[in-house]
Structure formats: structure tokens, C-alpha cells
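Student: pasting the sequence and the predicted coordinates here, then a few questions.
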Amino acid sequence: MAKPIRAVMFDLDGTLLDTAPDFVVVVNQLLAEQQRPSLAADAIRAGVSNGSKALIKIAFSIDETNTQFEPLRQRLLELYLAHIAVYTIPFPGINELLDKLADNNIAWGIATNKPATYTLPLMAALDIQPAPASVICPDHVARSKPDPESLFLASKLLGCAPDEIIYIGDHKRDIDCGKGAGSITIAAAYGYVDEGDDPANWNADYCVHHANEIWPIVEKYL
């Protein structure tokens, strides 16, 4: 029998927050600066969980070997920081889930590969309540996801064991991170899943297609 859980940790982009609408704006803003045609929102949305490098590859069809790649990426990040929380909101069902966690004295937090430079201003702007008990970015660990170090740090900060944490993410690297830590894992199939990828193949303990499916899973471990 599994231990009662004491914390629920979320990936950020595509799991806790729908950040894609702001990325759609800034990617197309960058394309306009470069006198390129706009991209469809769905094409941009699919790359958000894979970070700024993936978005530049999608938008400009170039890779890191191109001399323009890094200047374009840095400009994209500048544009994003100026537009970081205009359209971003929690996914449907997330606010209700966080309230239920608080009502049951279960801490919640974030373990993301999004750098603190962007994560912290975003969270400050949204001011989600109840507030996260822990926000872990790649700046805080030596090895980012899929390495489990983020969740080991979370367990230390939250005063619980890794196997008393549920970790939720919309990418296989999130599930690999959770599995590596010994945590219970939930695949967020409602998030930014790569085209051709199937969350059912990530070896997560559970898979959900809406955030309102998460609480019934949490209840099993109270």
C-alpha cells in the first residue's frame, strides 16, 4: 500500500498554466520583425513545453548551427518577458484542484525546466492562491528534468519523502523525473503533447485528459 501523499508537484507550461497564448503572440511578433509570415497558433502551441530553442526551430526552420539562431532566441525571450502574463491562465480545473489540496493540508509546488528569470515574474503576476510552497527551476539544481534532482529538492524543502509526492507533467521527461524520484506520476494529456507522441506510452501511473480528473486520483492517497 502506498504512503499517504503530502504534496502535489506540477510542471509549469502545459500542466499548471496555459502559457501558449502569450508565446503565440511573441513568436508571431518576432516573425513580423523578421518580415516573415505568421504561424498558426496550434503549431506554436505544440512546441511550448520544449522551450525557446524548439520555438525558434519551428518558426524559422533553422537549428543551433545557424548564426542567427541564438540572436533570434534571445530576442524571443526579450519579447516574452515583456508579454509574460497577458493571456496566460491556469488550465481549467486547476484553481479548484489547488483549493481542494489546501482544504486537505496537502502542499503544492512547481518543478519546471523554465528558468527562474521567467518563472518567478510569471508566478508573481498571476498571484495564484493558495500560493505554491515550492517553486523549483533549473537554476536551483545541477541537473534539470528528466533527472529527478528537482523532486529530491522538493521533498527536502517540503519536509516529505519523494514517494509522498505526486508529480504531474505533460512531457515524458516529467514522468521520467517522477519515476526516477520514486514519486507517483500523472501524465497531463491535456497539455502541450508533441505531435505523434502518446502520453499512454510514458509509463506514468495515471493519465488524465482534464485537470478535474486529478483530484479523484489524489483522494486515493489521502
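Tutor: Looks like it arrived, so ask away. Residues are numbered from 1 along each chain as shown.
Student: which helix or strand lies directly C-terminal to the lowest-mean-pLDDT helix or strand in the chain?
Tutor: Using mean pLDDT, DSSP states H and E, helix 41-45 stands out as the lowest-scoring helix or strand of the chain, at a mean of 93. Downstream of helix 41-45, the first helix or strand assigned by DSSP states H and E is helix 51-60.
Student: give the buried residues for that following helix.
Tutor: Under the neighbour-count criterion of 16 or more other CB atoms under 10 Å, helix 51-60 has 52, 55-60 buried. Yep, even glycine has a C-beta here, placed from its N, CA and C like the rest.
Student: ok, back up a step: starting at the chain centroid, how far to the least confident helix or strand of the chain?
Tutor: Relative to its chain's centre, helix 41-45 lies at 16 Å (CA atoms, centre = their mean, to the nearest Å).
Student: which parts of it are buried?
Tutor: 44-45.
Student: who are the packing partners of it?
Tutor: Applying 3 or more CB pairs under 8 Å, 6 or more residues apart in numbering; DSSP states H and E, one finds that helix 41-45 makes contact with helix 20-33, helix 51-60.
Student: how about those helices in CSV, adding mean pLDDT and distance to R173?
Tutor: Shown next, in CSV, are the helices and strands packed on helix 41-45 (pLDDT from 0 to 100; distance: least, CB to CB, whole Å):
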stretch, mean pLDDT, distance to R173
helix 20-33, 98, 18
helix 51-60, 96, 11
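Student: dump those into a markdown table; add distance to S150 as well.
Tutor: Formatted as a markdown table, those follow (distance: least, CB to CB, whole Å):
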| stretch | distance to S150 |
| --- | --- |
| helix 20-33 | 22 |
| helix 51-60 | 15 |
